[in-house]
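K.L.:
mind looking at a prediction? Sequence and model below.
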Amino acid sequence: MSSFIWTTKFKSIIIVDNELFQNHYDVKLHIKPITSNLKEQSEYFDRLKVLFDHVLSGTITSYREDKLYRVLAHSTNNRFIELPKSPYDQIMAAVCFCKSNAVLDGKIIVEKIELGSYQGDGIMYSVDKNSKEVTLLDVDEWFSKKYAKFDPWWLRGDTATYDREMSKGIYTGHFSWKEETQIVNNEKELKKENHAKIFEFNPKILDGGKDKSK
C-alpha cells in the first residue's frame, strides 16, 4: 500500500533545570497503512490525530527525576509527559515515535517521525525503528517489583503520557480510546457548525432614532 506523510504540531511546557519554558513542536509522520480496510484505516488515523491534538498537547513535559516536576505533579491538576531523560527533542521524537506505533495496533505503521521545536532552534530530528534515540528510552526499574511486568507508557497503546502506580493497577490515561470516537465526532460536528455559520443570515431591526421617543 502507498505510504503518506502527515504534518502536525502540538504545544507543551518543558521543565529544564527547575525552570519552565514554553515550547512548540512541529512533527512530520511518515505513515504506511497495513490494513486494507478503509474504515479501519480512518479510525486508526483519527486515533493518531487525537494522540497529538489532545493527549500530548497542553501538557507539561519533564524528566522524571526533576524536582520541580515532583512539586507540580503533587500540587497541580496539569497533565504531564514524563520522560526517562531530560526533555531534549531527540527524546521527545523517540517517545512520539514509539507511542504512535503503540496506539495504532499494527493497523497503520509510523515508519519515521521528524520532530523539531521552538526551543530546539528549529533543528529537525528524524527517528525510525533503527535509530539510536530509541535505545535511549531503555529503562530499568521504571515500576516497582509489583508492576514490573508492565511496559512504560510510551510502549503501551493506552492514552497515558506518564506512569503512576495505584492500588488497583497503573494509570492508563486521561480517557480511554472508546471515548476517542466521541472526541473525533464532536470535532467534526463543530467544524460543520462553524462552516455553516458563514451562510447564516440573522437580520436585526435597528432603531433609526428619527421617530424614537425620548
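P.N.:
Great, that's in hand. Numbering: from 1, shown residues only.

K.L.:
mind listing what the closest residue to Phe4 other than its chain neighbours touches?
P.N.:
Counting by Cβ to Cβ, 6 or more residues apart in numbering, Phe4 lies nearest to Ile31, which is 5.6 Å off, once chain neighbours are set aside. Where C-beta positions appear, they are placed from N, C-alpha and C, glycine not excepted. By Cβ atoms under 8 Å, 6 or more residues apart in numbering, the contact set of Ile31 is Ser3, Phe4, Ile5, Trp6, Phe45, Leu48, Ile108, Ile109, Val110, Glu111.

K.L.:
hang on, Ile31 in a strand?
P.N.:
Yes. Under DSSP: H, G, I helix; E, B strand; the rest coil, Ile31 sits within a strand.

K.L.:
list the contacts for Thr59?
P.N.:
Contacts of Thr59 (Cβ under 8 Å, 6+ apart): Ser12, Ile13, Asn78, Arg79, Phe80, Ile81, Thr161.

K.L.:
try Lys85
P.N.:
By Cβ under 8 Å, 6+ apart, the neighbours of Lys85 are Tyr63, Ile91, Leu136.

K.L.:
wait, the second one touches Leu136, no?
P.N.:
Which is Ile91. Yes. In terms of Cβ atoms under 8 Å, Ile91 counts as a neighbour of Leu136; the distance is 6.2 Å.

K.L.:
any shared contact partners between these two?
P.N.:
Common contacts of Ile91 and Leu136 (Cβ under 8 Å, 6+ apart): Pro84, Lys85.

K.L.:
which one's more surrounded, these two?
P.N.:
Using other Cβ atoms under 10 Å, the more surrounded residue of Ile91 and Leu136 is Ile91, with 20 against 16.

K.L.:
doesn't Tyr44 belong to a helix?
P.N.:
Yes. According to three-state DSSP, the state of Tyr44 is that of a helix.

K.L.:
what about Ile60, helix or strand, and which?
P.N.:
Assigned by DSSP states H and E, Ile60 falls within strand 59-63.

K.L.:
what's the answer for Ala94, then?
P.N.:
Using DSSP H and E, Ala94 falls in helix 89-103.
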